[in-house]
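**Q** Predicted coordinates and the sequence they were generated for:
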Amino acid sequence: NAGVTQTPKFQVLKTGQSMTLQCAQDMNHEYMSWYRQDPGMGLRLIHYSVGAGITDQGEVPNGYNVSRSTTEDFPLRLLSAAPSQTSVYFCASRQTGPTDTQYFGPGTRLTVL
Amino acid sequence: GENVEQHPSTLSVQEGDSAVIKCTYSDSASNYFPWYKQELGKRPQLIIDIRSNVGEKKDQRIAVTLNKTAKHFSLHITETQPEDSAVYFCAASGDMRFGAGTRLTVKP
């Protein structure tokens, strides 16, 4: 049982490039989320999904797209990377209800030059 | 969406003292309040949580209290140790918004 996995661990992009951050979980959790954490800052919710085929925006959705075609996977797409998107990105998952424990992936450290 | 505020942003205590971190939330429908500890360069790890049907929960040196009427909840760490030094985050359901974090330093 690997829990929540994320790839890549590190990534450097140039301004304007696009890329996809991968997130997968093997716990059959319905609820998945993406957060960004800027240096010395808290976790801000980007997008979340309550189940396959359903996504919704969080606090800071601009510049990011998500999709949820399967229960296991929840990729985050950066359409045109900007230096302001330099951050650590965490994926998280939990069962179904709002009182269920949320588990985090190890994070992806992204630098946009 | 939910709005969670956390205080203080930094906290320094002597080893053996107690530490208290407070959070307030805005959505009266929220009914789950976890606390996470994050060490440098690592992912947040759940340390304790509380659901709205109880007012207090303890786990060894850590306790959380919840006041639903006032919409605030607090983390209490007793007999602090240097390894408690980390950043602590509170959060509130349903879309799990986080507070800005508290950097706790425990001085030996």
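**A** Received the coordinates, thanks. Being a predicted model, the structure only gives us computed values, none of them experimental.

**Q** So which residue is dead centre in chain A?
**A** Residue closest to the average C-alpha location in chain A (Cα atoms, centre = their mean): A:Trp34, at 3.0 Å.

**Q** and the nearest residue to that one once chain neighbours are set aside, what is it in contact with?
**A** Excluding the flanking residues, the one nearest A:Trp34 by Cβ to Cβ, 6 or more residues apart in numbering or on different chains is A:Ile46, at 4.3 Å. Using the backbone N, CA and C atoms, a C-beta is placed for each residue, glycine as well. Contact analysis of A:Ile46 by Cβ atoms under 8 Å, 6 or more residues apart in numbering or on different chains lists A:33-36, A:58-61, A:64, A:66, A:76, A:89.

**Q** low-scoring stretches of chain A, by residue?
**A** Within chain A, the stretches with pLDDT under 70 are A:96-99.

**Q** Number of residues surrounding A:Val60?
**A** By the measure other Cβ atoms under 10 Å in any protein chain shown, the count of residues near A:Val60 is 16.

**Q** Relative to chain B, how far out is it?
**A** Distance, A:Val60 to chain B, by Cβ to the nearest Cβ, to the nearest Å: 11 Å.

**Q** for A:Cys91, same thing?
**A** For A:Cys91, the distance to chain B equals 10 Å [Cβ to the nearest Cβ].

**Q** Quick one: the strands in chain B, in order.
**A** B:4-7, B:10-14, B:19-25, B:32-38, B:45-51, B:56-59, B:62-67, B:72-77, B:86-92, B:97-98, B:102-107 (DSSP state E).

**Q** Quick one: those as TSV, columns for mean neighbour count and mean pLDDT too.
**A** Shown next, in TSV, are the strands of chain B (neighbours: other Cβ atoms under 10 Å in any protein chain shown; pLDDT from 0 to 100):
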stretch	mean neighbour count	mean pLDDT
strand B:4-7	18	95
strand B:10-14	13	98
strand B:19-25	20	97
strand B:32-38	23	94
strand B:45-51	17	93
strand B:56-59	12	94
strand B:62-67	18	96
strand B:72-77	22	97
strand B:86-92	24	95
strand B:97-98	24	89
strand B:102-107	17	97
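
**Q** Contact partners for B:Pro108?
**A** B:Pro108 makes contacts with B:15, B:82, as judged by Cβ under 8 Å, 6+ apart.

**Q** Sorry, slip of the keys, the one I care about is A:Glu72.
**A** Counting by Cβ under 8 Å, 6+ apart, A:Glu72 has contacts A:24-26.

**Q** Give the closest residue to B:Lys22 in space, chain neighbours not counted.
**A** Using Cβ to Cβ, 6+ apart, the nearest residue to B:Lys22 is B:Ser74, at 4.8 Å.

**Q** so the one you found bridges to which residues?
**A** With DSSP bridges applied, the residues forming beta bridges to B:Ser74 are B:Lys22, B:Thr65.

**Q** and it, what does it touch?
**A** Applying Cβ under 8 Å, 6+ apart to B:Ser74 gives the contacts B:20-23, B:64-65.

**Q** let's see 6 Å
**A** B:20, B:22, B:65 (Cβ atoms under 6 Å, 6 or more residues apart in numbering or on different chains).

**Q** so which of those comes closest to chain A?
**A** Chain A has its nearest neighbour among these in B:Lys22, at 15.0 Å by Cβ to the nearest Cβ.

**Q** Good, we can wrap up now.
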